[in-house]
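Asker: Provided below are the primary sequence and the corresponding predicted coordinates.
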Amino acid sequence: MTAPHDAPDWLLHDELAPDVDNDPLAPLYEGSARGELVLPFCASCVLPLDLEQPVCDGCGSLECVWRAVEPVGTVHSSTVMHRAEPGLVRADRPYPIVDVELASGHRLIMTTLESTQFPLPIDAPVRVAFRNLGGIAVPAAQLTAPVETEAFS
Ligand SMILES: [Zn+2]
């Protein structure tokens, strides 16, 4: 297949793709491969957990369950990364990093689905889509409404 999402990732080289079988975030990547955003919750009190959070802040449980969540949220914080690492980073321009507050209660740090040099505005609604990094789907933010960029020019 030669769908657009099979094109090389705009940000990173394929060598940086996670080894899903040996990654503690395997449930996230397996969900992403199906187009679902799958995140951890406490198995006892159902509190949303951070990725790789070993102990629930709410009840102290060590058990977590992974469930598909609605892939929508808003930008909690946003910045633009200036990083030059030839061989690892494909982007030769600054790129955005966003901390997304999801409707599920999770917070997830990611970049954007497509290359842009603008930081995403705080509180902007986003949908979580997936970049294709060496055949592995990884979450990436996509604005759900056009944004005035004049403030950044
Ligand atoms: Zn708990």
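Answerer: All right, it came through fine.

Asker: tell me which parts of the protein are close to the ion?
Answerer: Cys42, Ser44, Cys45, Leu47, Cys56, Gly58, Cys59, Ser61 (C-beta under 5 Å from the ion). Glycine gets a C-beta too; all of them are placed from N, C-alpha and C.

Asker: Let's see which of those residues end up in strands.
Answerer: Cys42 (DSSP state E).

Asker: Quick check: which ranges of the chain have low pLDDT?
Answerer: 1-6, 148-153 (pLDDT under 70).

Asker: which stretches of it form helices?
Answerer: 26-33 (DSSP state H).

Asker: Tell me where it has strands.
Answerer: Counting by DSSP E, the strands of the chain are 37-42, 64-69, 72-81, 95-102, 107-110, 125-133, 136-143.

Asker: Dump these to TSV, plus mean neighbour count and distance to Phe118.
Answerer: What follows is these, written out as TSV (neighbours: other C-beta atoms under 10 Å; distance: least, C-beta to C-beta, whole Å):
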stretch	mean neighbour count	distance to Phe118
strand 37-42	22	24
strand 64-69	17	27
strand 72-81	17	8
strand 95-102	21	7
strand 107-110	17	16
strand 125-133	20	13
strand 136-143	21	10
